[in-house]
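Give me a 3D structure for the following:
(chains A and B)
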Amino acid sequence: EAGVAQSPRYKIIEKRQSVAFWCNPISGHATLYWYQQILGQGPKLLIQFQNNGVVDDSQLPKDRFSAERLKGVDSTLKIQPAKLEDSAVYLCASSLGGGRRETQYFGPGTRLLVL
Amino acid sequence: AQTVTQSQPEMSVQEAETVTLSCTYDTSENNYYLFWYKQPPSRQMILVIRQEAYKQQNATENRFSVNFQKAAKSFSLKISDSQLGDTAMYFCAFQANTDKLIFGTGTRLQVFP
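Have a look, this model is predicted:
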């Protein structure tokens, strides 16, 4: 079974530029999560989708971050404009359904460096 | 608000020995889940073990076991017969009445030959 795919793996941009990350969840997984992992910290949930609807985006900085999951499969996370403090690893995860019994499977992450 | 604390930034252990990683959490919820995730260098995070708060029996997965003390809000991970492949960051995580995982800051474990 293929795992969660993410691209690109690495990205370097200058502040105020825009960047987009892509995630392809495990086939058949209805729930998709984006986490931000700043160096030295644990991952923090940015947004959760159930199919193509948003379940939780309470910690997403909506003035600069946006995310979508068209057709309930792939998802993109965009930052516009980027700030220095956005330097982090962005992790995508998916689970079969929602709910606490479901294991979240993580992708390899996209490492972003903002200069 | 729920919080997860891992007080050991780094740990080391010799191959074949046993090591215990600590985790404490704070919550007013009564029903929740606790997890240990492993993040090897440059590789993706994988679930090691899960504990349901209403279960008194400690979870075990092969060489990995937990010591869950609900009253003390403590959830430690014991790795027996440590192997070189156990070298990784280990994150403790909490999940209450939503799907959101709340992670600790992690413990970097180095296994030496």
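
Chain A: strands as residue ranges?
A:5-7, A:10-13, A:19-24, A:31-37, A:44-50, A:53-56, A:65-68, A:75-79, A:88-95, A:105-106, A:110-114 (DSSP state E).

Return the distance of the residue in chain A positioned nearest to chain B relative to B:K73.
Chain B sits closest to A:G42 of chain A, with a gap of 2.9 Å, by Cβ to the nearest Cβ. All C-beta spots, glycine's among them, are computed from the backbone N, C-alpha and C. Distance, A:G42 to B:K73, by Cβ to Cβ, to the nearest Å: 17 Å.

what about these two, which has more around it?
Neighbours were counted for A:G42 and for B:K73 using other Cβ atoms under 10 Å in any protein chain shown; A:G42 has more, 21 against 16.

Report the contact partners of the residue lying closest to A:K83 once chain neighbours are set aside.
Nearest residue to A:K83, sequence neighbours excluded (Cβ to Cβ, 6 or more residues apart in numbering or on different chains): A:K15, at 5.9 Å. Neighbour list for A:K15: A:81-84, A:114-115 [criterion: Cβ atoms under 8 Å, 6 or more residues apart in numbering or on different chains].

And A:K15, how far from A:L84?
Taking Cβ to Cβ, one finds A:K15 at 6 Å from A:L84.

The strands of chain A: which one's closest to B:I46?
Of all those, strand A:105-106 sits nearest to B:I46, with 7.3 Å by Cβ to Cβ.

who touches the closest one?
So strand A:105-106 is in contact with A:3-4, A:26, A:29, A:91-95, B:37, B:44-46, going by Cβ under 8 Å, 6+ apart.

Greatest separation within those residues: which pair is it?
A:H29 and B:Y37, at 17.5 Å, using Cβ to Cβ across those.

if you count what's nearby, which of those two comes out ahead?
Ranked by neighbour count (other Cβ under 10 Å), A:H29 and B:Y37 place B:Y37 first, with 25 against 18.

how about the residues of chain A that lie near chain B?
A:3-4, A:31, A:33, A:40-45, A:48, A:55-56, A:91, A:95, A:98-100, A:102-104, A:106-109 (Cβ under 8 Å from any Cβ of the partner chain).

Just the buried ones from the residues you listed?
By neighbour count, with 16 or more other Cβ atoms under 10 Å in any protein chain shown, these hold A:4, A:31, A:33, A:42-45, A:48, A:55-56, A:91, A:95, A:98, A:100, A:104, A:106-109 as buried.

who's in contact with residue 14?
The chain I'm using is chain A. Counting by Cβ under 8 Å, 6+ apart, A:E14 has contacts A:82, A:114-115.

ah, I was thinking of chain B
By Cβ under 8 Å, 6+ apart, the neighbours of B:Q14 are B:82, B:111-113.

Restricted to buried residues, select those in ChimeraX.
ChimeraX command restricting these to the buried ones, with burial defined by 16+ other Cβ under 10 Å:
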select /B:82,111
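
What residues does the closest residue to chain A within chain B make contact with?
Nearest residue of chain B to chain A (Cβ to the nearest Cβ) works out as B:F103 at 2.9 Å. Counting by Cβ under 8 Å, 6+ apart, B:F103 makes contact with A:42-44, B:4, B:37, B:91-93.

From B:T105, how far off is the spatially closest residue to it that is not a sequence neighbour?
Nearest residue to B:F103, sequence neighbours excluded (Cβ to Cβ, 6+ apart): A:G42, at 2.9 Å. Distance of A:G42 to B:T105, given as Cβ to Cβ: 5 Å.
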